[in-house]
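Here is the input, now give the coordinates:
(one chain, ligands or ions: 1)
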Amino acid sequence: MGVLSNHCRGIGPPGLLGYKAIYALYFSPLRHIPGPFLARITSKRNQIISMIGKIGHYAQHEYDTYGDLYVLEPNAVAISNPSDIRTVFGSHAFLKSSFYEALNVFGIPNTVSAMDPTFVGMRKRQLGPYFNPVYLGKMEPAILKHGYLALKNAWEERIAHSPNGKISINYMKDFALATFDTIGALAFGQEFNGLKHNNDDVAKWASATIILHGTRAAVPLTKYFPFSLLLRPLEAKFKRLSEFCDKAIASRKELLRVGAEKPVDLLQAFIDAEDPESKTTMDDLQVKVESIVAMSAGSDTSSVSLTWTIFLLMVHPEIYAKARDQVRSNFPVDHVITYAEARSKLSFVKACLYESLRLCPVGGGYLPRVSPPGGITLQGHFIPPGMEIYVNFPGVSHHASAWTDPLKYDPARFLNNDEAHRNLFTFGPGVRMCPGRHLAKIEMLTILSNMLKDFDMALPEDYTHLGPDILDANVHILVTEPVDPKRDCQ
Ligand code: HEM
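The predicted structure follows:
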């Protein structure tokens, strides 16, 4: 394509478009793969769809139209077949693409953004002893305190002042504050009390940080004056987050210096992390970056997954009643359900959570890898080296070969069904699978189970929006949200 572009100088936009169309139709190595015509000649189409938040909608539509493999951009394909996804995402040979450079906070690679397998291997060895169910399980008291117990206190306080014992909550907002408070306690050792004071300042600094880095990567001009002025408000928020992190790390080090007991949390894990092979540890900047990454990767993802679960239960009252009855027949009112108890006794509640992770995967669009030096053949088509291969999350989550009636909310499909669990890709498949999944599950399952035990929930009496478009979500900073949270999450 590069050679063609050089020949095209001086022919003007219509000529360039003509050349691109001819190349796409007659010469591109992807020309025999189905896909939208515009996607073959420009990557702008996909970028614009992402920018307007409709990537999830298009990903589903394009899987329905073109199937397992289709052209997404002139040098990129999208895949939805579970077996292809296992092949591509299951091997370090398919590197993360330059898309992830946007997540190089302070310009350095981290657990999410790293592309180099040697760095990835080292970071995995450094963090392996901490991101496992045993170490994460030790954080459960903090997760319960800042998660479910904080939500319960906030709601009960309001109910106590309600004349009819009922209140209206925006659960999406409350879950967002509670998961931020939780990750704040774990990754920064700080009490945010966002839920208590209805304050999401730190959450705003964190999303500004991601938008700032993403914008600089997508529009490099914004790094330079005068365009850099446009990003000043985001920079100010990033600076505040950075200062906040510096203070958190300094205060943890001071705590250890005066001989206090070592806390069990993510901040301590990042400080203590050491590669057993090379003995490499993380410096303060790396600790800071990993804390920011954990906060960004680990709050909205959990809160929005929970939001979808409650939403789906509310619009399926018979499933809600079954889940609620399972909890209430197993646990007395004054008992706080732990993760281990929920896992062993609440199979249907757990299935409700997994089914919402499948039906409404929180990463609702695409994530890219790069075709390896020898290329790869998928669905009978050769994808040359260097092309991008994107997993289509709605496509694989609703894949016709893996799921019967895929758009139906049917938790029972996760009961005693190992195959269903193997086909659930919401936490990302393969070698770069989400290391925070155990933490997220502790958080989500304890909130969901205890909430079903302690509160009766219903949609507002005047709620009239139960149409098929209700799942037609928007994707906001990589996370899928209900289309109108103010309206749909009450
Ligand atoms: C419901 C909750 C969550 C969901 C659905 C989720 C989903 C995902 C997905 C799909 C990926 C793969 C991304 C890719 O390949 O580009 C991922 C990676 C990651 N997640 Fe999560 N996540 C959740 C919670 C968390 C939590 C709580 C944390 C941390 C505290 C976390 C930290 C990470 C990190 C560090 C990576 C990068 C791993 C790597 O590239 O090797 N996530 N997550």
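
Which pLDDT value belongs to the residue of the chain found nearest the ligand?
As assessed by C-beta to the nearest ligand atom, the ligand sits closest to Gly436 within the chain, at 2.0 Å. No exception for glycine: its C-beta is placed from N, CA and C like everyone else's. On pLDDT, Gly436 comes in at 94.

shouldn't Thr87 be in contact with Ile383?
No. Thr87 is beyond contact range of Ile383, at 11.1 Å (criterion: C-beta atoms under 8 Å).

ok, the residue nearest to the residue of the chain closest to the ligand when sequence neighbours are not counted - how many residues close by?
Spatially, and ignoring its direct neighbours in sequence, Gly436 is nearest to Gly298 (4.8 Å; C-beta to C-beta, 6 or more residues apart in numbering). For Gly298, the tally of surrounding residues (other C-beta atoms under 10 Å) stands at 24.

One more: the one 10 residues further on?
Trp308 sits with 26 neighbouring residues when counted by other C-beta under 10 Å.

burial count for the residue of the chain closest to the ligand?
For Gly436, using other C-beta under 10 Å, the count is 20.

Could you list every helix and strand that the lengthiest helix in the chain packs against?
Assignment by DSSP state H gives helix 232-257 as the longest helix of the chain. Applying 3 or more C-beta pairs under 8 Å, 6 or more residues apart in numbering; DSSP states H and E, one finds that helix 232-257 contacts helix 171-188, helix 201-218, helix 266-272, helix 284-298.

Output these in TSV; the columns should cover mean pLDDT and distance to the ligand.
Below are the helices and strands packed on helix 232-257 laid out as TSV (pLDDT from 0 to 100; distance: least, C-beta to the nearest ligand atom, whole Å):
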stretch	mean pLDDT	distance to the ligand
helix 171-188	94	6
helix 201-218	87	12
helix 266-272	97	6
helix 284-298	94	3
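
With distance to Thr404 as added columns, please give those helices in CSV.
Listed next are the helices and strands packed on helix 232-257 as CSV, based on distance: least, C-beta to C-beta, whole Å:
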stretch, distance to Thr404
helix 171-188, 30
helix 201-218, 37
helix 266-272, 39
helix 284-298, 32
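
Apart from its neighbours in sequence, what residue is nearest Thr309?
Going by C-beta to C-beta, 6+ apart, Thr309 has Ser356 as its nearest residue, at 4.2 Å.

Around the ligand, which positions in this structure sit nearby?
Proximity of the chain to the ligand, by C-beta under 6 Å from any ligand atom, involves residues 111-112, 293-294, 297-298, 301-302, 305, 362-363, 367, 426-428, 432, 434-436, 439-440.

Give me the subset of those that lies in strands.
Assigned to strands by DSSP state E, the following of the residues of the chain next to the ligand qualify: Leu367.

shouldn't Arg413 be in contact with His421?
No. The pair Arg413 and His421 fails to qualify as a contact (C-beta under 8 Å) at a distance of 10.3 Å.

Between these two, which contacts overlap?
Counting by C-beta atoms under 8 Å, 6 or more residues apart in numbering, no residue touches both Arg413 and His421.

sec struct for Ser168, please.
coil (DSSP: H, G, I helix; E, B strand; the rest coil).

so which of the helices and strands packed on helix 232-257 comes closest to Ile389?
helix 201-218 (19.7 Å; C-beta to C-beta).

In contact with the residue lying closest to Arg40 once chain neighbours are set aside, which residues?
Of all residues not flanking Arg40 in the chain, Ala24 sits nearest, at 3.7 Å (C-beta to C-beta, 6+ apart). Residues near Ala24 by C-beta under 8 Å, 6+ apart: 30-31, 37, 40-41, 74.

got it, and Thr215?
Contacts of Thr215 (C-beta under 8 Å, 6+ apart): 222, 231, 234.

Kindly present these as CSV, with separate columns for pLDDT.
Shown next, in CSV, are the contacts of Thr215 (pLDDT from 0 to 100):
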residue, pLDDT
Thr222, 92
Leu231, 94
Leu234, 95
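
The residue nearest to Thr309 contacts Val304, doesn't it?
No. Because the distance of 10.2 Å does not satisfy C-beta under 8 Å, Ser356 is recorded as not touching Val304.

ok, back up a step: neighbour-wise, which of Arg413 and His421 wins?
Arg413 (19 against 9).

separation between the closest residue to the more buried one other than its chain neighbours and Ser299?
In space, and not counting its chain neighbours, Arg413 is closest to Ala420: 5.4 Å by C-beta to C-beta, 6+ apart. According to C-beta to C-beta, to the nearest Å, Ala420 and Ser299 sit 27 Å apart.
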